[in-house]
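Trainee: predicted model follows, preceded by the sequence.
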Amino acid sequence: MAGMKNFHDFYFGLTGAERQSFVRRVGTSIGYAERVAGGFVLPSLVMAVRMARQSRGGTSVDGIVKTFEKKRGRIV
């Protein structure tokens with residue numbers, strides 16, 4: 001999946017309106033998405049899959065994990 005961004009770069013690369021649309025499609029809040037994008041929390045597998053799918057190719061579950069690991073260190 002060359003060229004796919006980590007979640008931080010994907011999410012913070014969106015405009016405000018695009019962020020609102022993204023979190024609406026995912027079924028979460030701006031605050032939670034920002035905590036994930038900042039690497040402060042690792043979402044459940046179900047939420048990570050929803051985020052990856054709704055990014056429409058902008059990131060992946062692996063990209064979400066990498067965002068967390070960059071902030072917190074390797075998880076496994």
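Mentor: Now that the structure is in, tell me what you want to look at.

Trainee: show me where this protein has its helices.
Mentor: Here the chain has its helices, by DSSP state H, at 7-12, 16-26, 30-37, 45-54, 61-72.

Trainee: point out the most buried one among these.
Mentor: Mean neighbours per residue, mean count of other Cβ atoms under 10 Å, is largest over the helices of the chain for helix 7-12, with a mean of 20. C-beta coordinates here come from the backbone N, C-alpha and C atoms, glycine included.

Trainee: contacts for that one next, please.
Mentor: If you take Cβ atoms under 8 Å, 6 or more residues apart in numbering as the criterion, helix 7-12 is touched by 19, 22, 33-34, 36-39, 51, 55, 58-59, 63-64, 66-67, 70.

Trainee: now with 6 Å?
Mentor: Outside helix 7-12, the residues that touch it by Cβ atoms under 6 Å, 6 or more residues apart in numbering are Ala37, Ser55, Gly58, Thr59, Gly63, Ile64, Thr67.

Trainee: output these as TSV; include the columns distance to Val46.
Mentor: Shown next, in TSV, are the contacts of helix 7-12 (distance: Cβ to Cβ, whole Å):
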residue	distance to Val46
Ala37	18
Ser55	15
Gly58	19
Thr59	16
Gly63	16
Ile64	12
Thr67	17
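
Trainee: for the protein, give me the ranges with low pLDDT.
Mentor: For the chain, applying pLDDT under 70 flags the ranges 1-3.

Trainee: excluding its backbone neighbours, what's nearest Ser55?
Mentor: Closest residue in space to Ser55, ignoring its immediate chain neighbours: Phe10 at 5.8 Å, by Cβ to Cβ, 6 or more residues apart in numbering.
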